[in-house]
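1. using only what follows, build the 3D model:
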Amino acid sequence: MGLRKFAFLALALALASPLAAEVQPAVQPGGDIPADFKAPYVPPIPPGGDIPQSFNAPRSAFHYVRREAMIPMRDGAKLYTVLIVPNGAGRFPIMLDRTPYSAKKATSRGGQLGPYPENILSPAYAELVRAGYIVAVQDVRGKYKSEGDYVMNRPLRGPLNRTAVDHSTDAWDTIDWLVRNVPEASGRVGSIGTSYNGFTALMSLVDPHPALKASVPINPMVDVWKGDDWFHNGAFRQEMISYVYGQTAARESDEDWFTAGYDDYNMFLRYGSASAYGRAMGMDQLPFWNRLLQHPAYDRYWQLQAVDRILAARPLSVPTLIVDSLWDQEDIYGAPAVFGAVKRSGNAWLVLGPWHHGQSNGPAPSLGAIDWGSDTAKWFRANVMIPFLDQHLKGARPANIARVTAFEVGTNQWRRLADWPLACMRGCPANLTPLYLAADERLSFRAPAKAGFNSYVSDPAKPVTYRARPNLSPWATGSTWRSWLVDDQRFAEARPDVLTYTGEVLAQPLKLAGTPLVHLVASTSGTDSDWIVKLIDVYPEQYPQKPELGGYQLPIAMEVIRARYREDPARPRAVAPNQPVAYEFALPAVNYTLAPGHRLMVQVQSSWFPLYDRNPQTFVRNIFFAQPEDYRSATQRVFTGPGGSWIGLPVVK
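-> Predicted coordinates:
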């Protein structure tokens, strides 16, 4: 059998070998080129390479035209500006937004280019383009592609700014260039912006260009010591340290912030004082950070920059729609303060929406766990903002906008109001209804007959958090920073160093519209202290409409005061130990109706960490530089009864 198999294999190989020898390779090395072969023409590589000097992309189907310009200022600096122009015949008003956050990024939303303004702009600005407005977004001087030097919240020319330029002059020069050099422009301009950009919008009103016919400052930075970004009533908002770092460490804000930890609570506690943490992060190199450290009190440095004071000192000639967010986690003080300062001019209107900081620019059907039942921001833009701008920039018919348009939380309805009351800082007016704190940790609209107090120990080594841990950095992925002002406060109620006062179940709706006033009578065994007061709506334990809200403690308004500034914000003074002291300060504006079955609650505590730096509870000259041995526990007492503590509520009948 073996020989037969071998013979068969040999025969097969013999038969196959001639065929294998006839197989030719696909290309013969060194073979002849056919006579009729013609090589394709290959152009030479150009001297400049394969990227042309300019490229005109096809955009004929786009609904807008995007252009860039470097606009010269009076001192020679040129500011980078992006214009988004409606693609159609006609002349259009211009809405100018001056920003430190990159005009290029603001006009390349999501990085996806497309034919509609929604592809590159926020919903608010896309709606403006669709409504027939040119949107111009400009890098402020010294940021991103603009020339010049950047100064945080650059003061007006004067004692704090010895140069010839400020945000007012830059706005004037920009508007002057736009109306002269944009062929599609109608010659009428509005200023607009949110947060820092809201501040620059307000600056355009200081010495307005004749072509400036309207302004919409949204959640503007106004007084950064009293109640906006850097301080609240003297307590330093140390969660903003990373913002200062990001904005001032590099022109393009591209210097990364590394906290070396997930939970800001641990990070700030590890380093102690705010200055020690800043030093560890290299912030001593940053001029603005050093100015913050040098001005912890409300001295002339801050007073001269307060925009409400600046605008109150001159007539407001430009119609201005001031937009406020009732739960603004960054600039909750500014909008109502500006309205109060300029409303006598007759050129100011106010909007109060149920939003976090900047939420009016996008979708806003809800905030945190609370659902409004409609897109409140879209309603505002369609029914208030664009009609307001059409009237003043296009000559359209009067918009019939109320002096104050306020969303009433609870009923979830927009209300037309004739005015908005000013904040009461001292000497409560008769139109505030006292809600009294009682020693049995109850609340009542009847003054308690019996004097008493409640107490707790405030330990700086274990400060009360401002939201449930972990406390992620405001700018970290997954952070709840935008909605923490509506967080359920049960996490705080459970702590022994938080006093909780609760009212009876409401039998009738309770409507609040205005600015609550805190009248807190308290003592500390230390020589300095912080006092945080929260006004809270407690939902029924069973809430069939949304079961997860059963027992929810929804903050209506919350604020802090630093005891050393109780008498004079510019001149700190120690507190006499164990002596009752009356503290009066305003809570943020509210427009809120509590439903029957709900209850009022007030919480009092002495730390709100790490949002605010810890008070050492011993008086030191500058809390920024407090040493570890300065931080001491203190026994805190809140007094009730005749001459005791109450909250003045703006009750509307």
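2. from here on, just use CA atoms for contacts and neighbour counts.
-> OK.
3. quick check: chain neighbours aside, which residue is closest to Met601?
-> Thr502 (4.4 Å; CA to CA, 6 or more residues apart in numbering).
4. from Leu485, how far off is that neighbour?
-> 20 Å (CA to CA, to the nearest Å).
5. now Ala438
-> Ala438 is 26 Å from Leu485, by CA to CA.
6. likewise Ser345?
-> For Ser345 relative to Leu485 (CA to CA), the value is 33 Å.
7. export stretch 617-634 as CSV, just CAs?
-> What follows is stretch 617-634, C-alpha atoms only, in CSV (Å, rounded to 0.1, in the frame of the first residue of the first chain):
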residue,chain,number,x,y,z
GLN,A,617,-14.5,82.1,65.5
THR,A,618,-11.7,84.1,67.0
PHE,A,619,-11.2,87.6,65.7
VAL,A,620,-8.1,87.9,63.5
ARG,A,621,-7.2,90.9,61.4
ASN,A,622,-7.6,89.1,58.1
ILE,A,623,-9.4,85.7,57.9
PHE,A,624,-7.6,84.9,54.6
PHE,A,625,-4.4,84.5,56.7
ALA,A,626,-5.9,82.8,59.8
GLN,A,627,-3.5,80.3,61.4
PRO,A,628,-4.4,76.7,62.5
GLU,A,629,-4.4,77.7,66.2
ASP,A,630,-7.0,80.5,65.4
TYR,A,631,-9.7,78.0,64.6
ARG,A,632,-11.6,77.2,67.7
SER,A,633,-15.0,75.7,68.7
ALA,A,634,-17.6,78.1,69.9
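8. now do the buried residues in it.
-> Neighbour-count burial for stretch 617-634, counted by 16 or more other CA atoms under 10 Å, picks out Gln617, Thr618, Phe619, Val620, Ile623, Phe624, Ala626, Asp630, Tyr631, Ser633, Ala634.
9. and for that stretch, what's in contact with it?
-> The contact list for stretch 617-634, computed with CA atoms under 8 Å, 6 or more residues apart in numbering, reads 272-276, 293, 296, 457-461, 524-530, 564, 574-575, 615-616.
10. okay, and which of the residues you listed map to strands?
-> Among these, the members falling in strands (DSSP state E) are Val457, Ser458, Thr524, Asp530.
11. Ala124: which of those residues is nearest?
-> Asp530 (39.1 Å; CA to CA).
12. the closest one contacts Glu559, doesn't it?
-> No: the criterion here is CA atoms under 8 Å, and Asp530 misses it with Glu559 at 10.5 Å.
13. which of the two has more neighbours?
-> Asp530 (24 against 18; other CA atoms under 10 Å).
14. quick one: residues contacting that one.
-> Here Asp530 is in contact with Ala235, Val560, Ile561, Arg562, Ala563, Ser606, Ser607, Asn615, Gln617 (CA under 8 Å, 6+ apart).
15. measure it to Tyr565 for me?
-> Where Tyr565 is concerned, Asp530 sits at a distance of 10 Å (CA to CA).
16. where do the helices of the stretch 1-150 of the chain begin and end?
-> 2-21, 103-106, 123-130 (DSSP state H, counting those that start in this stretch).
17. which strands and helices lie in contact with the last one?
-> Counting by 3 or more CA pairs under 8 Å, 6 or more residues apart in numbering; DSSP states H and E, the packing neighbours recorded for helix 123-130 are strand 78-86, strand 134-139.
18. okay, angle between the shortest one and strand 78-86 too, please.
-> In this case it means strand 134-139. 160 degrees (axes from the mean of the first three to the mean of the last three CA atoms, to 10 degrees).
19. before we move on, the earlier item: can you tell me which of the contacts of stretch 617-634 are classed as buried?
-> Counted by 16+ other CA under 10 Å, those give 272-276, 293, 296, 457-460, 524-530, 564, 574-575, 615-616 as buried.
20. re the thing from before, which of Ala438 and Leu485 has more residues huddled nearby?
-> Ala438 (29 against 23).
21. what pairs with the closest residue in space to that one that isn't next to it in sequence across the strands?
-> Nearest non-adjacent residue to Ala438, counting by CA to CA, 6+ apart: Thr640, 5.3 Å away. Thr640 has the following beta-bridge partners by DSSP bridges: Gly452.
22. next, count neighbours for Thr640.
-> 26.
23. just put the helices and strands packed on helix 123-130 in JSON lines and tack on mean neighbour count, distance to Met283 and mean pLDDT.
-> Output for the helices and strands packed on helix 123-130, formatted as JSON lines (neighbours: other CA atoms under 10 Å; distance: least, CA to CA, whole Å; pLDDT from 0 to 100):
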{"stretch": "strand 78-86", "mean neighbour count": "24", "distance to Met283": "27", "mean pLDDT": "97"}
{"stretch": "strand 134-139", "mean neighbour count": "26", "distance to Met283": "24", "mean pLDDT": "98"}
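24. reformat those as CSV; add distance to Leu520.
-> Shown next, in CSV, are the helices and strands packed on helix 123-130 (distance: least, CA to CA, whole Å):
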stretch, distance to Leu520
strand 78-86, 49
strand 134-139, 45
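25. picking up where we left off before, what is the neighbour count of the residue nearest to Met601?
-> Based on other CA under 10 Å, the number of other residues close to Thr502 is 20.
26. residues contacting it?
-> Taking CA under 8 Å, 6+ apart as the test, what Thr502 contacts is Glu441, Arg442, Leu443, Arg599, Leu600, Met601, Val602.
27. show me the strands in the stretch 551-653 of the chain, by range?
-> With strands called from DSSP state E, counting those that start in this stretch, the stretch 551-653 of the chain shows them at 553-562, 581-586, 590-594, 599-605, 634-640, 646-649.
28. nearest to Gln413, out of these?
-> Going by CA to CA, the one of these nearest Gln413 is strand 590-594, 10.3 Å.
29. angle of the closest one against strand 599-605?
-> Going by the same axes, to 10 degrees, strand 590-594 makes 130 degrees with strand 599-605.
30. next one: strand 590-594 to chain centre, how far?
-> 22 Å (CA atoms, centre = their mean, to the nearest Å).
31. and if you look at stretch 398-415?
-> That offset, for stretch 398-415, works out to 22 Å (CA atoms, centre = their mean).
32. list the buried ones in it?
-> Buried residues in stretch 398-415 (16+ other CA under 10 Å): Ala399, Ile401, Ala402, Arg403, Val404, Thr405, Ala406, Phe407, Glu408, Val409, Asn412, Trp414.
33. from those, which land in strands?
-> Using DSSP E, the buried residues of stretch 398-415 in strands are Val404, Thr405, Ala406, Phe407, Glu408, Trp414.
34. I figured the last one hits Ala402, correct?
-> No: taking CA under 8 Å as the definition, Trp414 is not a contact partner of Ala402, at 10.9 Å.
35. stretch 496-503: end-to-end distance?
-> 20 Å.
36. quick one: mean pLDDT over it.
-> Average pLDDT, stretch 496-503: 98.
37. in it, which residues are buried?
-> For stretch 496-503, by 16+ other CA under 10 Å, it's Asp497, Val498, Leu499, Thr500, Tyr501, Thr502, Gly503.
38. I'd like the distance from it to the chain centre, please.
-> 30 Å.
39. same question, stretch 255-266
-> The answer for stretch 255-266 is 20 Å, by CA atoms, centre = their mean.
40. alpha carbons of that stretch, as PDB, please.
-> Presented in PDB, the C-alpha positions along stretch 255-266 are these (Å, rounded to 0.1, in the frame of the first residue of the first chain):
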ATOM      1  CA  GLU A 255      -4.100  76.300  32.500                       C
ATOM      2  CA  ASP A 256      -5.500  73.100  34.100                       C
ATOM      3  CA  TRP A 257      -6.600  73.200  37.700                       C
ATOM      4  CA  PHE A 258      -5.600  70.100  39.600                       C
ATOM      5  CA  THR A 259      -7.200  69.700  43.100                       C
ATOM      6  CA  ALA A 260      -5.500  66.300  43.900                       C
ATOM      7  CA  GLY A 261      -8.800  65.200  45.300                       C
ATOM      8  CA  TYR A 262     -12.400  64.400  44.400                       C
ATOM      9  CA  ASP A 263     -14.200  66.100  47.300                       C
ATOM     10  CA  ASP A 264     -13.600  69.800  47.800                       C
ATOM     11  CA  TYR A 265     -14.600  69.500  51.400                       C
ATOM     12  CA  ASN A 266     -11.500  67.400  52.100                       C
END
